[in-house]
Structures are given as C-alpha cells and as structure tokens.
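# Show me how the following folds:
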Amino acid sequence: MRTALRLARGWSQREAADRWNILWPAEPKTDKAFSYWELWPASTGHAPPLDVLCQLAELYECRVADLVADVADHRPADILHQHRQQLAIVEDPTTSMDDLIARLGSADVHELAAMATTWVRGDSSGVSRRSLLLKISAALSLASASSAPTEETAAADTAGPGAASDDFSGIWHSRYVYPSTGRRKDFTGEHYVVLRQQGQRLSGQSLPHSTGSRMRLDLGLDKAVATGTWREQTSPTGYYQGAVYHGTLQMVVDPAGRRMKGMWLGFGREFTINSGEWHLTWCEANVSKQAQRAYHKKA
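Numbering: from 1, shown residues only. The predicted structure follows:
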C-alpha cells in the first residue's frame, strides 16, 4: 500500500523523497529510505516508525491505517471483534432465517451471552436494549417450556387433574446453588414451595421466606423430566436488594416421585449466563393453609 499510494501520485521514490524534504527539511530522507519502507514487511525492508507513518499519511493525504492495510490483520483473534462480526450478520436484513438459525445453532451459550453483552453495550438508540433483551429472554424461556404438545401429552392435559401417573402436588423443599460474581463464591438459596399439579403442568409458589424473597416455578412434565421456567424476587434487604431474576430449569424426577434434581440457567447482573444445581425434595402432600403455616419463614 505504501508503494500504491506513491504511484497513485505519479511519483518516483526520488520524487517522493524530494517532496518529503520540502515539508520536513530538518529530517531529510533519500529514495533508499522510501524503498526500505515500501519493501516492509519483507525481510529486506525496514518497518517505518509511527512518526514516519504519520508523516507519510500527511504526504499522501491518506489515513495512517491505509499505509499498513497490506500487513497482517490480527483482529479475528479478538473475541470482541468476532462478536461484532457475528452481530453484523445477525442484524443484516438480508440474512435469511435459515442462515440465522444455523449461525446461532453453531454457537454455545457462552458465545451467545458474549454476543448479547456486546449488542447491549452498543446501544445508541432510544430503545433500551437491556430491557428488550430481558423481555426476549423471558419469551424464549416461556417458549421452551411451552412447546407444541404431542398427541400423548395433549390427551393427558385435557384429562384434568389426577390424569398423570403420579401426583406431585404438595409442599416441597427447594434448594439451588448460584454464583455471586461480586463476592467470588457460590451461595445456596432455599425456599419451601407449594406445588400444584394440573394434568402435566406443575405450578409452584414459595411460602413466606425469612428474608422476604419470593419465587415461582412453572414446569411441564414429560415422563421423568420436568422442564420449565423459574422467577425469583430477591430479598429487599439482601445483597441484591429486591432484584428480579428469571430463567429456565430442567429436572429429572426420581422413580419414587419424591425428589427432583437438575440444573437452572439464567442471566446474571452483567448479562453473563449463569447456571447451577437445583434440587426439589418432597415434604408432604397436605397443602392446606394450616399445613403451609408450619413452613412459613422456615427457610
């Protein structure tokens, strides 16, 4: 490019050196200096220092970047650059839905989280991308838990309460592990939850917690697997000061139907995707007001 920009002016190396010397007589150069700069990055050339590149840019009336456009480009190794390139493809209106699905399908959750973070930080419009992303994540969570039913599960849903082979209604002890980035360690959250079953659907609401935290579960049963969403409003006086978090959850039900174990997934404060273990343990089937009071503020 250093040769091309000189030739675009119709100058020989000697003429370029002469014009340099007119502009900067205190720093005279010869045609040999221009030859060395133009041969670089070959082994026979010399790398021009930054101040020389700035003066060449002034001489050729171009950008400094134009002078080194032919040398190695290491931007593809930059994760942020990769995410911006991927986002450019996603945001391109000419990208087909099939291409978009293929590109998203080839990325893992951590790459998707990083892309989402880059997109949110690039917000320059009047729309809050952070709020929009939270809305999208909630919609996707609901969609994953409410996929189109098969004929078998549809029949079970229309059969009403008690149609499932097991009744999971009752009071359950909920325990999950979550990371705290700010405190750099894992913590445990516990609640007592009233689960109510209707067909192949489970809805859960936490009982009054000692710190004021509240949680809700919405799960769909498919044989021995429960899949759905969770939502928690943290303690108003705790570390997260009443912040609301939500995400997806999938658990395996043990053969006795008295334990569920699985993993949760959700966004953290900085839009990183977090995950951890989640356990549900059956306590009792009685969900009367009197039975529930025995678990108030027990967790």
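
# which element is residue 47 on?
Taking DSSP states H and E as the definition, one finds residue 47 inside no helix or strand.

# Ok, the one 4 residues further on next?
Following DSSP H and E, one finds residue 51 within helix 50-60.

# likewise residue 215?
Using DSSP H and E, residue 215 falls within strand 214-222.

# Any idea how many residues pack against residue 118?
Number of residues near residue 118 (other CB atoms under 10 Å) recorded here: 18. Yep, even glycine has a C-beta here, placed from its N, CA and C like the rest.

# so it makes contact with residue 80?
Yes: look at residue 118 against residue 80 with CB atoms under 8 Å: they come within range, at 6.4 Å.

# And the helices in this protein?
For the chain, applying DSSP state H gives helices covering 2-8, 13-23, 31-39, 50-60, 64-67, 79-91, 97-105, 109-121, 129-145, 151-158, 289-293.

# what's the spacing between the shortest one and its chain's center?
Just to be clear, that refers to helix 64-67. Relative to its chain's centre, helix 64-67 lies at 35 Å (CA atoms, centre = their mean, to the nearest Å).

# ok, now stretch 58-69?
For stretch 58-69, the distance to the chain centre is 38 Å (CA atoms, centre = their mean).

# same deal with stretch 280-295?
Averaging C-alpha positions (CA atoms, centre = their mean) puts stretch 280-295 37 Å from its chain's average.

# Buried residues, it. List them.
Neighbour counts using 16 or more other CB atoms under 10 Å place 280, 282-283, 295 of stretch 280-295 among the buried residues.

# Go through these and say which is closest to residue 184.
Residue 184 has its nearest neighbour among those in residue 280, at 27.8 Å by CB to CB.

# beta partners for that closest one?
Residue 280 has these beta-bridge partners by DSSP bridges: residue 174, residue 260.

# Identify the residues contacting it.
Contact analysis of residue 280 by CB atoms under 8 Å, 6 or more residues apart in numbering lists 172-175, 193, 195, 251, 259-261.

# ok so, going back, the helices of the chain: lowest mean pLDDT?
Least confidently modelled of the helices of the chain is helix 151-158, at a mean of 43 by mean pLDDT.

# How is the chain divided into domains?
Domain assignment for the chain by automatic domain parsing gives 2-67, 81-121+129-145, 157-293.

# Please name whichever of these is nearest to residue 74.
Using CB to CB, the nearest of these to residue 74 is domain 81-121+129-145, at 9.4 Å.

# Spatially nearest residue to the spatially most central residue of the chain (excluding sequence neighbours)?
For the chain, the residue nearest the mean C-alpha position is residue 113 (1.3 Å; CA atoms, centre = their mean). Leaving aside its sequence neighbours, residue 113 sits nearest to residue 273 (CB to CB, 6 or more residues apart in numbering; 4.1 Å).

# Report the angle between the helix holding residue 51 and helix 13-23.
Relative orientation of helix 50-60 versus helix 13-23 (axes from the mean of the first three to the mean of the last three CA atoms, to 10 degrees): 100 degrees.

# could you dump helix 50-60 to PDB, C-alpha only?
Output in PDB follows, covering the C-alpha atoms of helix 50-60 (Å, rounded to 0.1, in the frame of the first residue of the first chain):
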ATOM      1  CA  LEU A  50       4.900   5.500  13.900                       C
ATOM      2  CA  ASP A  51       6.000   9.100  13.500                       C
ATOM      3  CA  VAL A  52       7.200   8.300   9.900                       C
ATOM      4  CA  LEU A  53       3.800   6.700   9.200                       C
ATOM      5  CA  CYS A  54       2.100   9.800  10.300                       C
ATOM      6  CA  GLN A  55       4.300  11.900   8.100                       C
ATOM      7  CA  LEU A  56       3.700   9.600   5.100                       C
ATOM      8  CA  ALA A  57       0.000   9.900   5.700                       C
ATOM      9  CA  GLU A  58       0.300  13.600   5.500                       C
ATOM     10  CA  LEU A  59       2.500  13.400   2.400                       C
ATOM     11  CA  TYR A  60       0.000  11.100   0.600                       C
END
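
# buried stuff in it?
By neighbour count on 16+ other CB under 10 Å, the buried set for helix 50-60 is 52-53, 55-57, 59-60.

# in stretch 23-32, what counts as buried?
residue 29.
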